[in-house]
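> using only what follows, build the 3D model:
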Amino acid sequence: MADLDVSIVSVDGAVWSGTATSVTSTTVEGEMGILYGRQPILAQMADDGVVTVHSTDGEFLVFAVSGGLLSCTGTHVVVMAENATPASAISIEDAEKKLAVLPEESSEGERAQLKAQIRAAKRLASA
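Next up is the predicted model:
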């Protein structure tokens, strides 16, 4: 089986790139799995999304992703997110505390970003 070339970028710059055997992502339509040879697709990422990557190195990588687009050509996957954070850099407790004290007038984007971080960190912890 061939490998996917994967890039995850945010407005702040490149977050991760490499080769993978599979990628899953949370889109506005639901969870999507991608393997090599998948038909081309362009999908809108969920505001509180999670992207998982099974790298060819055997790593299981998880990212909290807020908004943006996912593009797949069958051999390449690009996630262009408004915000993308590796789950390995997220503390579940810290993110839950921030969400609990987030002022009510805060934007839905801030709330969604914290929810994405919590989901991503929990997914990584359960792996």
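> let me see the mean pLDDT of stretch 79-90.
Confidence for stretch 79-90, expressed as mean pLDDT, is 96.
> ends of that stretch, what's the gap?
19 Å (CA to CA, to the nearest Å).
> give the buried residues for it.
Under the neighbour-count criterion of 16 or more other CB atoms under 10 Å, stretch 79-90 has 79-87, 90 buried. The C-beta positions use only the backbone N, C-alpha and C, and glycine is treated the same way.
> would you map the helices across the protein?
92-100, 108-126 (DSSP state H).
> how about these in a markdown table, adding mean neighbour count?
Compiled in a markdown table, these are given as follows (neighbours: other CB atoms under 10 Å):
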| stretch | mean neighbour count |
| --- | --- |
| helix 92-100 | 14 |
| helix 108-126 | 19 |
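> out of these, which gets nearest to Gln44?
Set against Gln44 and scored by CB to CB, the helices of the chain come closest in helix 108-126, at 13.3 Å.
> what's the average pLDDT for that closest one?
Here the average pLDDT along helix 108-126 is 93.
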